[in-house]
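[1] need a structure here:
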Amino acid sequence: MIQDFTSDVEDFECSVQCVVRKQKEQAEREVSLIREDYQNSIDKWTMVQEQIKGGLTEESRKKIVKELEEETEIQTLNGLIKKYREEIKKSDQNIKELQNTLDKERKEFKALRNTWDLDDSIQVKVREERELNHNLRNLRLQKGRIEKVNKNLLKQHKKTICKEEELRKEYNGLRSKTLKIITKNKRLLIYSSELEDENIELLGFQDKLKRKKEKKEQVERFKKHIVDKFKGKK
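    Okay, the predicted model is just below:
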């Protein structure tokens, strides 16, 4: 940045000096020509005055008329001299303004040279800002990708919630059926326990009947033995 500005200032300084030099050379050439014409006119006028003092001939009169005509041209040249002097004055003023501008640019350039260190730090800040902007752009792209993924996850989450609701309803139905089965199973257990108690009673009753039957058989055998014994005695 400073190097570019330095180059611009140097180019401007060279262009100003070139313009000043060319304008000065042009003005000097024009002034030289005007001075030469003016000096020639003075020389001719001096010669005419000398001829008037020495007496006029026809040839001299014609020559004087011609030279008077040339005098008119001299007056015109004097007007041109005045005009060129004004132009030279304007050129000098322009040169002065350009010189002032150049001096001002030099002062500003000198002041900027004193702030090169500051400009270096500014360039560092600019580079850091560019890096931050680059990182920010990457973060925004990453955020966009994350938001897209998050959107897909939200859709998946909604589907999961719907599926979970269906599973909850199914679970509640199965839980209700399970509770009914558990209740029925409890009743069956109670009924089984009652049957077990009745079975125990039946087994006890069967034992009693068995013992009664055995006793009855013993009695019958004893009766038969008595009868057989009594028949044998007869």
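
[2] residue 150 and residue 156, how far apart?
    From residue 150 across to residue 156, the span is 10 Å (CB to CB, to the nearest Å). The C-beta positions use only the backbone N, C-alpha and C, and glycine is treated the same way.

[3] check residue 215 too.
    84 Å.

[4] one more: residue 202?
    Distance from residue 202 to residue 156, by CB to CB: 65 Å.

[5] could you do residue 181 as well?
    From residue 181 to residue 156 the distance is 36 Å (CB to CB).

[6] just the mean pLDDT for stretch 144-157, thanks.
    Across stretch 144-157, the average pLDDT comes to 84.

[7] tell me where this protein has helices.
    All helices of the chain, identified by DSSP state H, fall at 2-54, 58-113, 116-233.

[8] and stretch 137-157, which residues are buried?
    The neighbour-count check on stretch 137-157 (16 or more other CB atoms under 10 Å) flags nothing as buried.

[9] and it, C-alpha only, in PDB?
    C-alpha atoms of stretch 137-157 as PDB (Å, rounded to 0.1, in the frame of the first residue of the first chain):
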ATOM      1  CA  ARG A 137     -17.900 -17.900   5.900                       C
ATOM      2  CA  ASN A 138     -16.800 -21.400   6.600                       C
ATOM      3  CA  LEU A 139     -18.700 -21.400   9.900                       C
ATOM      4  CA  ARG A 140     -21.800 -20.100   8.100                       C
ATOM      5  CA  LEU A 141     -21.400 -23.000   5.600                       C
ATOM      6  CA  GLN A 142     -20.900 -25.400   8.400                       C
ATOM      7  CA  LYS A 143     -24.000 -23.900  10.200                       C
ATOM      8  CA  GLY A 144     -26.000 -24.400   7.000                       C
ATOM      9  CA  ARG A 145     -25.000 -28.000   6.900                       C
ATOM     10  CA  ILE A 146     -25.700 -28.500  10.600                       C
ATOM     11  CA  GLU A 147     -29.100 -26.900  10.200                       C
ATOM     12  CA  LYS A 148     -29.900 -29.200   7.200                       C
ATOM     13  CA  VAL A 149     -28.800 -32.200   9.300                       C
ATOM     14  CA  ASN A 150     -30.800 -30.900  12.200                       C
ATOM     15  CA  LYS A 151     -33.900 -30.500  10.000                       C
ATOM     16  CA  ASN A 152     -33.500 -34.100   8.900                       C
ATOM     17  CA  LEU A 153     -33.100 -35.200  12.500                       C
ATOM     18  CA  LEU A 154     -36.200 -33.300  13.500                       C
ATOM     19  CA  LYS A 155     -38.100 -35.100  10.700                       C
ATOM     20  CA  GLN A 156     -36.700 -38.400  12.000                       C
ATOM     21  CA  HIS A 157     -37.500 -37.400  15.600                       C
END
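
[10] okay, now residue 28: neighbour count?
    Residues lying near residue 28 (other CB atoms under 10 Å) number 11.
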